[in-house]
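Engineer: Show me how the following folds:
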Amino acid sequence: MESVEFGQVEAAARVVGAVVRRTPVVGSRVLSERAGVPVWLKCENLQRTGSFKPRGAYNRIANLSPAERARGVVAASAGNHAQGVAWSAAELGITSTVFMPIGASLPKLVATRAYGAEVHQVGETIDESLVAAKEFAERTGATLIHPFDHPDIVAGQASVALEILEQVPDVRTVVVPTGGGGLLAGVAIAMNHCAPQVGVVGVQAAEAAAWPDSLRAGTPMRASRMSTMADGIAVGMPGAVPFGHVSKLVSRIVTVDEEALSKALLLCLERAKLIVEPAGAAGVAALLGTELRDLPGPIVVILSGGNIDPLLLTRVINHGLSAAGRYLAMRVTISDRPGALSALLGVVGRAGASVVDVVHSRTGTWLAVDEVEVSLTVEMRGPAHRDDVLDALRDAGFRVRAEL
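Structural biologist: Purely as a prediction, here's the structure:
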C-alpha cells in the first residue's frame, strides 16, 4: 500500500488551487437544529464539472511525465470521475478516453464528451468498464487515471479539507460521502495533520456498502450487493491506497438507506436551494437519521456532487415527498354506483388533502360484482396529516390500503 504524506497534500493543493473553484460553505438551520450544533454544507456540487473529482484528476494528470502526457490518459467512470478526467485533460492539452457503463446517465455522457473525451460505453457496471479501460491502457500505452486508488488522486481530493479548515476553522466533525474512499482518505490525512481534534465520518449507501465489512475484515472486501440510486458512491470494493489511511484515521463509517437519500436530496433542494445528486447528499441523509447523534460541532457535511439526470431527479423528488409524508398513494374499494366516487373524493377534500391522480378500475378479480377499486394519489402536509386522511376514509366506511 502506497502511503500519502502531508507534503503531497500541500503540493497538490498548490497545483489544483490554480484551476479548481474554492467552493462555498453555507449554513443549514434545519440540520443545525436537528444536530444541536452548527452544521455547514461544503458545496462541491458547485465545483467545476459538478463534483469534487477534478481535484484528484487534475493533480494526477498534472504529475505525468511529458512522455506519459503524449500517450494520453484513460479512465472508467459512471460520470463524475469521467467528467473530472475529461476536463482536466483538456485543461492540460492531453487526449482522454473514457469508458462508461451502458446505463450511464445521458447528461453525464453528453458532458464528458463536451469536455473533449472520446467515450466508449462498455459493460453494465463500473467494474466492467474498468476492465475495458485497463485493456485500453495496456494496448495503447495511455495512463489509467483510477478514480480513487492512487496517491495523487487522494492528495488532490485532500485539498477540499484544507479549504474547510480555512472556511470553518473551529470545525470538529467532517462528514464525507464515501465510495472507493479517495475523498474520505484525503480528508482524513489532512485533518490528522492539521487538526487532529477533528473527527472524520464516512457515509455509504446501505445497498452498496463495502466499507463496513472491509474494515471488520482488515482488508478491502467486495460489496455483497450493488443496488442504489447513489451511483456516484456505488463502488464494489475500497481502494488499497485509501483503505490503509481510512482504517487508521477515520473514526466511523455509517450507512444510509434509499429513503434517507431521497429525503436528503429533497431537503437540499427545498431548504438550501441546492441541486445535489443522491451520492452527494449521503452526509445529509446520515444527519437526518439516527446514525450520527451527539457529534461534536461545528459539523461540515461535504456535498460531493450535483450531477443528476433530470428524469432521476423527478423520480427521487417524488420518492422523497412520499417518504416525508407529502404524498400518499392508496387503493380504495368503493361500491359501483353513481355518486360513490364523488363521496370518496368529498371525504378526501374535507380532510384537507389535494388529489394528484385518480385511476378507476372495475377489472380486479378480487372485487365483487358491485365493487370498483380506485387508485388514488393525494398531496398532504406531512405524516400526521397522512394519518388523519386515512382515519377519515376508514371512519367513512371505505376499505383503504395505503401503498406509500
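Engineer: doesn't Met100 make contact with Val74?
Structural biologist: No - if you go by C-beta atoms under 8 Å, Val74 and Met100 don't touch, sitting 11.8 Å apart. Where you see a C-beta, it was placed from the backbone N, CA and C, and this is true even at glycine.
Engineer: Pull up the pairing partners for the helix or strand harbouring Val26, direction included.
Structural biologist: Assigned by DSSP states H and E, Val26 falls within strand 25-27. Paired with strand 25-27 in the same sheet, following DSSP bridges, are strand 39-43 (antiparallel).
Engineer: Residues in contact with the following helix or strand past the strand it pairs with: which ones?
Structural biologist: Per DSSP H and E, strand 39-43 leads on to helix 53-62 as the next helix or strand towards the C-terminus. By C-beta atoms under 8 Å, 6 or more residues apart in numbering, the surrounding residues in contact with helix 53-62 are 12, 15-16, 19-20, 47-48, 69, 73, 75, 80-81, 83-85, 87-89, 91-92, 94, 145, 147-148, 150, 152-157, 159-160, 182, 186, 305.
Engineer: So how do I select the buried members of these in PyMOL?
Structural biologist: A single PyMOL command selects the buried members of those (16 or more other C-beta atoms under 10 Å):
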select buried, resi 12+15+16+19+20+47+48+69+73+75+80+81+83+84+85+87+88+89+91+94+145+147+148+150+152+153+154+155+156+157+159+160+182+186+305
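Engineer: What segments of the stretch 201-350 of the chain are strands?
Structural biologist: Along the stretch 201-350 of the chain, counting by DSSP state E, counting those that start in this stretch, strands occupy 252-256, 299-303, 327-335.
Engineer: Nearest to Ile275 among those would be which one?
Structural biologist: strand 299-303 (9.7 Å; C-beta to C-beta).
Engineer: quick check: mean pLDDT across that closest one?
Structural biologist: In this model, strand 299-303 carries a mean pLDDT of 97.
Engineer: Mind listing what's buried along that strand?
Structural biologist: So for strand 299-303, counting by 16+ other C-beta under 10 Å, buried means Ile299, Val300, Val301, Ile302, Leu303.
Engineer: I'd like the distance between Ile299 and Leu292.
Structural biologist: Ile299 sits 8 Å away from Leu292, taking C-beta to C-beta, to the nearest Å as the criterion.
Engineer: Need the residues touching each of the two.
Structural biologist: Listed as contacting both Ile299 and Leu292 by C-beta under 8 Å, 6+ apart are Ala35, Val175.
Engineer: and Glu207, what does it touch?
Structural biologist: With C-beta under 8 Å, 6+ apart, Glu207 has these contacts: Arg225, Met226, Ser227, Thr228, Asp257, Glu258.
Engineer: hang on, I meant Ala89
Structural biologist: Going by C-beta under 8 Å, 6+ apart, Ala89 touches Ile61, Gly72, Val73, Thr95, Ser96, Gly116, Ala117.
Engineer: Quick check: beta-bridge partners of the third one?
Structural biologist: When bridges are assigned using DSSP bridges, the partners listed for Val73 are Ser96, Thr143.
Engineer: So it is in contact with His146, correct?
Structural biologist: No - counting by C-beta under 8 Å, Val73 stays clear of His146, with 10.7 Å between them.
Engineer: now the helix or strand bottoming out on mean pLDDT in the chain, how far from the chain's geometric center?
Structural biologist: Among the helices and strands of the chain, helix 310-323 carries the lowest confidence by mean pLDDT, DSSP states H and E, at a mean of 76. Remark: helix 310-323 is offset 14 Å from the chain centroid, using C-alpha atoms, centre = their mean, to the nearest Å.
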